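Trainee: Sequence isn't available, so here's the structure alone:
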């Protein structure tokens, strides 16, 4: 009887919809386009159109510009680490195997890119198909390759740097059109002889509109300062 009374009370009480907290600074599509265009124009004025490394003195202007227009906190130098290039040519990479037994048919986009015969620099994204999560899926979907192998201290501090760079979040911006994507470092390369300093997964390159034609372009790549892992992977919607 006590149970029946409780059920009756619950049924008589109107259900309250879950509370939804909207972003504090939600903006319209028109305003987002304006932000993208302003950032694009400013970057074109500030960045050289050649592979380059930002100086510690010059980096804050770029960092602040990106933070103002995207809300993403980026750093050219983070925890004492910096790549040899912040501006460089990126190339179109293949899909990576995410777990043992993974195949191209199991990748849901840009299958024409093919799948790499070997593994990424940190091996599989998941130990097996049963433990493969959405987070693992997004890491492979939006990965970049960076030239960790050419870092001056890479061989000397390999154990430390390997863990620091593994799936480190980065922001990649195409200064020609202002399109940007949040990705993770999922592989090492390319070799210097290719003339490229970075590589991007098929979906990363698609988000930058660099997946057609020569499948190559100059981009800005910076670390994301996100210790609480709140910045989602994928295209930036300003």
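Mentor: That came through, no problem. Since we're looking at a predicted model, the values are computed, not measured.

Trainee: I'd guess residue 41 is in a strand, am I close?
Mentor: No: counting by DSSP: H, G, I helix; E, B strand; the rest coil, one finds residue 41 to be helix, located in no strand.

Trainee: So what's the residue count around it?
Mentor: 12 (other CB atoms under 10 Å). C-beta: built from backbone N, CA, C; applies to glycine.

Trainee: OK, contacts around it?
Mentor: Not one residue lies near residue 41 by CB atoms under 8 Å, 6 or more residues apart in numbering.

Trainee: How confident was the prediction at it?
Mentor: For residue 41, the pLDDT comes out at 96.

Trainee: what's the answer for the one 5 residues further on, then?
Mentor: The score at residue 46 is 94. That number is its pLDDT.

Trainee: Quick check, it in contact with residue 63.
Mentor: No: contact criterion CB atoms under 8 Å: residue 46 and residue 63 do not qualify, at 11.5 Å.

Trainee: Comparing these two, which shows the higher neighbour count?
Mentor: residue 63 (20 against 14).

Trainee: shaky segments in the chain?
Mentor: 1-26 (pLDDT under 70).

Trainee: where along it do the helices fall?
Mentor: Secondary structure of the chain (DSSP state H): helices located at 2-12, 29-46, 59-70, 134-141, 158-165, 202-207.

Trainee: tally of neighbours for residue 187?
Mentor: Counted with other CB under 10 Å, residue 187 comes out at 24.

Trainee: ok, the residue nearest in space to the middle of the chain - contacts?
Mentor: Closest residue to the average C-alpha location of the chain: residue 183 at 1.2 Å, with CA atoms, centre = their mean. Contacts for residue 183 (CB under 8 Å, 6+ apart) come out as 142, 143, 144, 169, 170, 171, 172, 200, 201, 204, 233.

Trainee: try residue 40
Mentor: 175, 176, 177, 178.

Trainee: try 6 Å
Mentor: residue 178 (CB atoms under 6 Å, 6 or more residues apart in numbering).

Trainee: how near is it to residue 71?
Mentor: 16 Å (CB to CB, to the nearest Å).

Trainee: try residue 220
Mentor: In terms of CB to CB, residue 220 sits 17 Å off from residue 71.

Trainee: Which residue of these two possesses the greater neighbour count?
Mentor: Between residue 220 and residue 71, residue 220 has the larger neighbour count (other CB under 10 Å), namely 23 against 14.

Trainee: Which strand residues bridge the residue nearest to that one when sequence neighbours are not counted?
Mentor: Nearest residue to residue 220, sequence neighbours excluded (CB to CB, 6 or more residues apart in numbering): residue 173, at 4.5 Å. Beta bridges link residue 173 to residue 180, residue 220 when assigned by DSSP bridges.

Trainee: these two touch, right, residue 173 and residue 181?
Mentor: No: contact status for residue 173 versus residue 181: not in contact, 8.3 Å apart, counting by CB atoms under 6 Å.

Trainee: and residue 96, backbone torsions?
Mentor: phi -110, psi 150 (degrees, to the nearest 10).

Trainee: what residues are up against it?
Mentor: 116, 120, 140.

Trainee: Give the buried residues for stretch 49-62.
Mentor: 51, 52, 54, 59, 62 (16 or more other CB atoms under 10 Å).

Trainee: Next, format those as JSON lines and append distance to residue 196.
Mentor: Below are the buried residues of stretch 49-62 laid out as JSON lines (distance: CB to CB, whole Å):
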{"residue": "51", "distance to residue 196": "9"}
{"residue": "52", "distance to residue 196": "14"}
{"residue": "54", "distance to residue 196": "18"}
{"residue": "59", "distance to residue 196": "22"}
{"residue": "62", "distance to residue 196": "21"}
